[in-house]
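K.L.:
any chance you can model this:
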Amino acid sequence: MIESGLWKGFVARSTSAAPQSLVALEGGMYDVRLTESPHLDTLTCFVPHGTSHLKDLLEKAYLSYQQKDDVFCDAFLNYVLLISDELTVDEPVMDLLASWGCLTIFQLPSTEDVLPGPYFFSAGGLYSAWRIFPDDKDAFILSTIPTQDDPHTYETLNAAAFGASSLCVAVPSRLKNTKSKQKPLAGMRIAIKDLFHLKGVHTGCGNRAYRMLHHASKASSSAVESVLDLGGIIVGKTKTVEFGSSQEVIGDWCDYSYPFNSRGDGYIAGTGSSTGSASSLAAYPWLDITLGTDAGGSIRDPAVAHGVFGFRPSHNGQQIPDVVIPCGVFHTPGFLGRSSGTMLEFGRHWLQIPSSDHHLKPSRVLFPKEYRTDHEGVQKIAEEWVSSLATWLGARKLDVSIEETWSATRPANACKGFFETFNKTFIDLIYSEFWSYLSEFRKAYKTRFDADPYVCKVTQYLWDEGRSMSDARKKQALDEVAIHNDWFIRHLLADDQTIIVVPRYKLDYRDEYLPAPELRSFDGFDSNLHASLSGVPNIIVPVGQCSFHSKISGREEYFPVSLSIIAPKGNHLPTVFNLWEVPVAEMTLGKDIGLLSLVHDYITANSLPSSVMTGRTAFHVV
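P.N.:
Next up is the predicted model:
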């Protein structure tokens, strides 16, 4: 029987041969009295299936625990609990357990229904073990654990690990969660960007004034609630650029420290705004998926910099009501991961895609000339990968020119080149929306504290520009979005048989000095903005790495190389449309899973690495 209400948040030092990290206790408790002692000790539960060959069953289970779980260790074998109705614990079994250092064996009937894996126990019952890992890359703003009474309500975990000077994150044993049709993501460890709400926990948006103004969230964002409904576990909230804007270097980060990028020499810029979501994945093998948000590349750019997968789903230009994302016409939730298989698994369930929309087999692969990179190594990797993909698909690889295509097919009233026409479209709407969306925050803070809230210089610059933006210019920018979308889907993504592929890499340093925001150029049109404006799905795929001589370490290091792949929407959307006129109910996520499937199928069919490593390099150095 599961009971709640005792010893929530307790932290205990693991004993014997345990690693020097700590193990946190989950609040949920099995009311099983195995001892009269009030002191905690370690225990492992085995649930052998069958009544014969117990020794073999235990040996297999032990090896499985070691391979599957990073919480279990030999220190939990001091005591062993066997769950079975009929077991004969003979001498070979006793010898095996003694060789593991077991002191006592307990046996309970299967009616107790205790899940396998590591526990702490005392006179109070059994407590599930959580392992604490230090966040030495400063990727997290909060570590979270579910409350005892409600797995959908969370609280902040305040704990430290031996020798750690940073925030620590607790993760549950992987042995206590069984995937099912109702809980397909059971046990998946997920971190969320601090623009999402998590019930019971504060939302900070990368800004101390915002966090100070608001109480802990009373409800989770729908994107987070979906994760919890599917069985996922939120282990923490990751750092974000302030309100998802555009802080690029250390000097831009004022309220919180800039997360570190593990790749290369450890000082490559992490970009934004889902900086912590990408940083944590590149650093920590104990994390599976992170949620982020993306307007002009807030998932995709950090995914490139950190050498992980990043996915921006289809979007219809409507504001997500329960996530703090200014400029909802572009800004949408998405996710990041280290494995194409995990991305596909998570996306299929989280996005809730109809099975009929899982197919994508393009006959054309466009490789725009304007987005070629000047780095010879990056371009070579991209050319080879795209050519191989096209061959595998039986598709034509076309080196197209966006400017030439625009010149031949542009609307009659368009007299400028493509990049000149849309040079300010995106950023002008960002200016306008950032100013108007955050007006309630400024007003509420002023009312409560009789002072203006502090925001970093980049956000202040966005506000200043947005405040002076005329309604006429905003309308013109929205008209430009509609023009882009009409032309882009007519003449580049001409049908559902086309994908666009662009090489991407990032090799700036986190400690570079940039001009003041008002002296920087925020204008321009890059490859991210096709998906941002039109709402088509876009995935970042890490495909290789190139060497560089580090000015930090003084040796050869490696930075990741990625491809950005843009796909069409599903068949339920018209070819020509204004995104802001398409109701959410009519907006299917169409080819989203088709794009994720295409990437995973190609990688696995061609025996390419389907996942990236954590640490200095995304791939093995040849």
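K.L.:
every contact and neighbour count from this point should use C-alpha atoms.
P.N.:
Fine.
K.L.:
now do the buried residues in stretch 451-462.
P.N.:
Of all the residues in stretch 451-462, those buried under the rule 16 or more other CA atoms under 10 Å are 453-462.
K.L.:
what pLDDT is listed against Tyr89?
P.N.:
No Tyr there; residue 89 is Val. Here, the pLDDT recorded for Val89 equals 84.
K.L.:
separation between it and Ala219?
P.N.:
Applying CA to CA, to the nearest Å, the value for Val89 to Ala219 is 50 Å.
K.L.:
where does the stretch 51-200 of the chain dip in pLDDT?
P.N.:
For the stretch 51-200 of the chain, applying pLDDT under 70 flags the ranges 51-52.
K.L.:
quick one: the strands in it, in order.
P.N.:
Using DSSP state E, counting those that start in this stretch, the strands of the stretch 51-200 of the chain run over residues 79-83, 104-108, 117-122, 125-134, 140-146, 154-156, 168-172, 189-193.
K.L.:
out of those, flag the one nearest Val47.
P.N.:
Nearest of those to Val47, taken as CA to CA: strand 79-83 at 5.0 Å.
K.L.:
packing partners for the closest one?
P.N.:
Using 3 or more CA pairs under 8 Å, 6 or more residues apart in numbering; DSSP states H and E, the elements in contact with strand 79-83 are strand 41-46, strand 104-108.
K.L.:
so what strands line up beside the last one?
P.N.:
Its sheet considered, strand 104-108 pairs with strand 79-83 (parallel) by DSSP bridges.
K.L.:
what's the answer for the first one, then?
P.N.:
Paired strands of strand 41-46, with direction, are strand 79-83 (parallel), strand 117-122 (antiparallel) (DSSP bridges).
K.L.:
so which of these is the most surrounded?
P.N.:
strand 117-122 (a mean of 26; mean count of other CA atoms under 10 Å).
K.L.:
that one to strand 125-134, inter-axis angle?
P.N.:
120 degrees (axes from the mean of the first three to the mean of the last three CA atoms, to 10 degrees).
K.L.:
what about Asp95, neighbour count?
P.N.:
13 (other CA atoms under 10 Å).
K.L.:
before we move on, the earlier item: can you put the strands of the stretch 51-200 of the chain in TSV and add distance to Ser597?
P.N.:
Listed next are the strands of the stretch 51-200 of the chain as TSV, based on distance: least, CA to CA, whole Å:
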stretch	distance to Ser597
strand 79-83	40
strand 104-108	45
strand 117-122	33
strand 125-134	32
strand 140-146	30
strand 154-156	33
strand 168-172	29
strand 189-193	21
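K.L.:
low-scoring stretches of this structure, by residue?
P.N.:
Low-confidence segments of the chain, defined by pLDDT under 70: 1-31, 50-52, 354-358, 570-590.
K.L.:
if we use 80, what do you get?
P.N.:
Along the chain, segments meeting pLDDT under 80 span 1-32, 50-52, 85-88, 111, 160-164, 353-359, 495-496, 570-590.
K.L.:
would you mind measuring from the residue nearest to Leu40 when sequence neighbours are not counted to Val378?
P.N.:
Residue nearest to Leu40 in three dimensions, not counting chain neighbours: Ser122, with 5.0 Å by CA to CA, 6 or more residues apart in numbering. Taking CA to CA as the measure, Ser122 and Val378 are separated by 57 Å.
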